[in-house]
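Trainee: Can you look at this prediction? I've put the sequence above it.
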Amino acid sequence: MAEPLVKVKDLKKHFPIRGGVFGGIVAWVKAVDDISFDIYKGETLGLVGESGSGKTTAGKTILQLYKPTAGEVYFEGRLINNIKGEDLRKLRRNMQIIFQDPYGSLNPRMPISEIIGEPLLVHGLVKSKKEMLNRVVEVMELVGLRPEYLNRYPHEFSGGQRQRIGIARAIVLNPKFVVCDEPVSALDVSIQSQVINLLNDLQEKLKLTYLFIAHDLAVIRHMCDRVVVMYLGNVMEIAENQELFENPLHPYTQALLSAVPVPDPEVKKERIILKGDIPSPINPPSGCVFHTRCPIAMPICKEVKPELREVKPGHFVACHAVK
Amino acid sequence: MEKDVLLETKDLTTYFYTDDGVVKAVEGVDLKIRVGETLGLVGESGCGKSVTSLSIMRLVPWPPGKIVKGEVWFKGEDLLKKTEEEMRRVRGSQISMIFQEPMTSLNPVFTVGFQIMEAILVHQDITEEEAKKKAIEMLDLVGIPDPEKRFYNYPHQMSGGMRQRVMIAMALSCNPDLLISDEATTALDVTIQAQILELMKDLKKKIGMAILMITHNLAVIAEMADSIAVMYTGRIVEYSDVKTIFKNPQHPYTYGLLHSIPLVTKPRKEGERLATIEGVVPNPYHMPKGCKFHPRCPYATKKCREEEPPLEEISPGHWVRCWNYLKPGEGV
């Protein structure tokens, strides 16, 4: 696990808000504000946070689907921020994404043979339609779709099957790195476990590296090797799965974990109830972005933004109170 | 009717008559909620849990939906026999309901204070001045800071968690005996969900109301409910107290659901896979014969494919709809 496949350094993505008579920029949404982490070959890195924490924006900015406002993204040691044209297309072969909504992310007018096969044509990896179909059938079998369904359209499939189609499309190019953006949160419980198992199987078979974005901490716990906790565009804590869940150091992580209900009526949890709501990313709080809801905030938290420090090997925390 | 039973449905059956055929959304549902009790109604999308609650409130839209038979006994009266006018007096004052989407449930052109006041004035014989005082009291009760100011807010000026609090304030403003919560915390973030669940528990203690809690989230149910009814294809397949359901589930569907969820308390071991329920929920227009779960059931026999099992009481208070439920001592 020594060399990172993806390296994210001081990455920022701010979106302008236009308004006023001349449509000028009146404010910025700081969706991702200065995040850094590494993703190692073959691991699943979890990115967890509540709505508005910037986790999806982070995923898309890493893939260069959004142009970063500042900061750097390295893929296999190579800076990829400003890659364009043919180089970018070649790069995309290795970096794919699976979306949350299995209904909105598939073109309803395309049969699934084309939905899954399109990337092969776009990247010129197949010479004939027959070659494309062969590869599509191969991938369909891999994700548990029957090859007979080749000529059906998305509306003929259930939510779980559609998610399989989305996964097939993402892996058809044999990528090295896949961003899974809430891939199971739109699915019913019994279907969710099928897709989770599939993602684990594929990772083993194809030696994939995942950036796994989710708000469901139970899914994160099950899937990930290491976890990054985000809040309002900032990284609060990074640690290995076991360490993060057993020994969370950041007060936000502690509150977040204590808020998760457990499916066991005999477990009575001591809850840390956070007051108030997540502030708007348009005017995020000064200093530590969490200080407005933090149960142990000190005067310094309002003034100075805490740096992400390694407090134990592999365990990073951004908090003034953690020694 | 037993003395402390607040609501009891008997053979409640609701169908939807669509152009493509009849959807039997709710098929013979018997539920019982005692005073001050929380009953969880669990199931996946399309299992009929929301239609059950709408049927209790008599809010099933006709056409295409219709309650075709059954009884809904509430405080000794059958709600299905009431006139629309009488029903209106029950809704909101004795039984209240909160929904998943707090944005679409609030009127965007009125202040939240006005909307709570309106609910109070419809059901209680008090002056506007008193209603306003009561509305502010309610906002305070559900933990909205600065209730006097927030009273004048429009829904868009509030966050999702705040709006759900307003919905709860409105639902509770007439001290209902029963609160129906239909996936009320599903769309909220977990720290906000924790706030709302804590609030509901607290209010339950203070006001002593009963809750019918509809959700697909088993963890939320484990924490909130006293008893649980598991629904599948419009039918109750298992019904018992919360401990029995979680510790000793007897229906293969309940067992499958409980074992297919990842646990926040346990990381995945190398090569470990989650238990799954193979297949998908059957098409409502083409229900399978016999037990509706048999196409997905690992234990299905010939009998399951031909004959639908009844909901049977296998031990006191534990009801299961299965031909092959686990006999005591048997493991899965």
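Mentor: Now that the structure is in, tell me what you want to look at. Numbering: from 1, shown residues only, chains lettered A, B, ... in the order given.

Trainee: Look up the closest residue to A:Ser113, ignoring the ones flanking it.
Mentor: A:Leu150 (4.6 Å; C-beta to C-beta, 6 or more residues apart in numbering or on different chains). To be clear about C-beta, it is placed using only N, CA and C from the backbone, and glycine gets the same treatment.

Trainee: and the closest residue to chain B within the stretch 1-150 of chain A, what is it in contact with?
Mentor: Per C-beta to the nearest C-beta, A:Glu50 is where the stretch 1-150 of chain A lies closest to chain B, at 3.8 Å. Going by C-beta atoms under 8 Å, 6 or more residues apart in numbering or on different chains, A:Glu50 touches A:His215, A:Tyr231, A:Leu256, A:Ile278, B:Asp189, B:Val190, B:Thr191, B:Ile192.

Trainee: Tell me which helix or strand the last one sits in.
Mentor: Assignment of secondary structure by DSSP states H and E places B:Ile192 within helix B:190-207.

Trainee: same deal with the third one?
Mentor: With elements delineated by DSSP H and E, A:Leu256 resides in helix A:251-259, which encompasses its position.

Trainee: residues of the very next helix or strand once past that helix that come out buried?
Mentor: Following helix A:251-259 in sequence order, the next helix or strand is helix A:299-303 (DSSP H and E). For helix A:299-303, a neighbour-count test (16 or more other C-beta atoms under 10 Å in any protein chain shown) marks A:Cys301 as buried.

Trainee: Tell me the secondary structure at A:Leu187.
Mentor: Assigned by DSSP: H, G, I helix; E, B strand; the rest coil, the conformation of A:Leu187 is coil.

Trainee: hang on, isn't B:Leu121 packed against B:Lys132?
Mentor: No. Here B:Leu121 lies out of contact with B:Lys132, judged by C-beta atoms under 8 Å, at a distance of 9.8 Å.

Trainee: Run a quick neighbour tally on A:Asp10.
Mentor: 12 (other C-beta atoms under 10 Å in any protein chain shown).

Trainee: A strand includes it, no?
Mentor: Yes. Checked against three-state DSSP, A:Asp10 lies within a strand.

Trainee: ok, it - contacts?
Mentor: With C-beta under 8 Å, 6+ apart, A:Asp10 has these contacts: A:Asp34, A:Ile35, A:Ser36, A:Ala70, A:Gly71, A:Glu72.

Trainee: rerun that using 10 Å as the cut-off
Mentor: A:Asp33, A:Asp34, A:Ile35, A:Ser36, A:Pro68, A:Ala70, A:Gly71, A:Glu72 (C-beta atoms under 10 Å, 6 or more residues apart in numbering or on different chains).

Trainee: Which helix or strand in the chain has the lowest average pLDDT?
Mentor: Chain wasn't specified; assuming chain A. Least confident helix or strand, chain A: helix A:85-92 with a mean of 89, by mean pLDDT, DSSP states H and E.

Trainee: could you do chain B instead?
Mentor: Min over SSEs of chain B, mean pLDDT, DSSP H and E: helix B:102-105 (a mean of 74).

Trainee: Give the next helix or strand downstream of that one.
Mentor: Per DSSP H and E, helix B:102-105 leads on to helix B:112-123 as the next helix or strand towards the C-terminus.

Trainee: any chance you could map the helices in the stretch 1-150 of chain B?
Mentor: Per DSSP state H, counting those that start in this stretch, the stretch 1-150 of chain B carries helices over the ranges B:49-56, B:84-90, B:102-105, B:112-123, B:128-141, B:147-150.

Trainee: Would you reformat the ones you listed as TSV and include distance to B:Arg273?
Mentor: Below are these laid out as TSV (distance: least, C-beta to C-beta, whole Å):
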stretch	distance to B:Arg273
helix B:49-56	28
helix B:84-90	49
helix B:102-105	37
helix B:112-123	47
helix B:128-141	46
helix B:147-150	48
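
Trainee: So for A:Gly287, which of those helices sits nearest?
Mentor: helix B:147-150 (26.3 Å; C-beta to C-beta).

Trainee: who touches the closest one?
Mentor: B:111-113, B:132, B:135-141, B:144, B:157-158, B:162, B:165-166, B:169.

Trainee: Please list all residues in contact with the residue lying farthest from the centre of chain B.
Mentor: For chain B, the C-alpha farthest from the mean C-alpha position belongs to B:Glu270; by C-alpha atoms, centre = their mean, that distance is 37.3 Å. Counting by C-beta under 10 Å, 6+ apart, B:Glu270 touches A:Glu204.

Trainee: Got the phi and psi for it?
Mentor: Main-chain dihedrals, B:Glu270, degrees, to the nearest 10: phi -50, psi 120.

Trainee: before we move on, what about the one 10 residues further on?
Mentor: Main-chain torsions, B:Val280, degrees, to the nearest 10: phi -130, psi 170.

Trainee: ok, back up a step: for the contacts of A:Asp10, please prepare TSV with the additional fields pLDDT, distance to chain B and neighbour count.
Mentor: Shown next, in TSV, are the contacts of A:Asp10 (pLDDT from 0 to 100; distance: C-beta to the nearest C-beta, whole Å; neighbours: other C-beta atoms under 10 Å in any protein chain shown):
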residue	pLDDT	distance to chain B	neighbour count
A:Asp33	91	19	23
A:Asp34	89	22	17
A:Ile35	94	20	26
A:Ser36	95	24	16
A:Pro68	93	26	19
A:Ala70	94	28	13
A:Gly71	94	26	18
A:Glu72	94	30	15
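
Trainee: farthest-separated two in the residues you listed?
Mentor: So, those by C-beta to C-beta: farthest apart are A:Asp33 and A:Glu72, at 15.1 Å.

Trainee: Any stretches of the stretch 101-250 of chain B with poor pLDDT?
Mentor: B:102-103 (pLDDT under 70).

Trainee: Name the nearest residue to residue 242, sequence neighbours excluded.
Mentor: All of this is about chain A. Nearest non-adjacent residue to A:Gln242, counting by C-beta to C-beta, 6+ apart: B:Pro267, 6.0 Å away.

Trainee: switch to chain B, that's the one I care about
Mentor: A:Pro265 (4.5 Å).

Trainee: Ok, B:Glu223 next?
Mentor: A:Pro261 (4.7 Å).

Trainee: Look at the most centrally placed residue in chain B and tell me its secondary structure.
Mentor: For chain B, the residue nearest the mean C-alpha position is B:Ile214 (2.2 Å; C-alpha atoms, centre = their mean). Following three-state DSSP, the label given to B:Ile214 is strand.

Trainee: ok, now how distant is it from chain A?
Mentor: Per C-beta to the nearest C-beta, to the nearest Å, B:Ile214 is found 14 Å from chain A.

Trainee: wait, what's in contact with B:Arg88?
Mentor: B:Arg58, B:Lys82, B:Val122, B:His123.

Trainee: which residues in the stretch 151-300 of chain B form strands?
Mentor: B:178-182, B:210-215, B:227-232, B:235-241 (DSSP state E, counting those that start in this stretch).

Trainee: other SSEs contacting the first one?
Mentor: Other elements packing on strand B:178-182 under the criterion 3 or more C-beta pairs under 10 Å, 6 or more residues apart in numbering or on different chains; DSSP states H and E are strand B:5-18, strand B:38-42, helix B:49-56, strand B:95-98, helix B:160-172, helix B:190-207, strand B:210-215.

Trainee: So which bits of the stretch 1-150 of chain B are right by chain A?
Mentor: Applying C-beta under 10 Å from any C-beta of the partner chain, we find that the stretch 1-150 of chain B lies next to chain A at B:Val42, B:Gly43, B:Glu44, B:Ser45, B:Gly46, B:Cys47, B:Gly143, B:Pro145.

Trainee: and B:Glu223, what is it in contact with?
Mentor: A:261-265, A:267-269, B:38, B:40, B:194, B:197, B:201, B:217, B:242.
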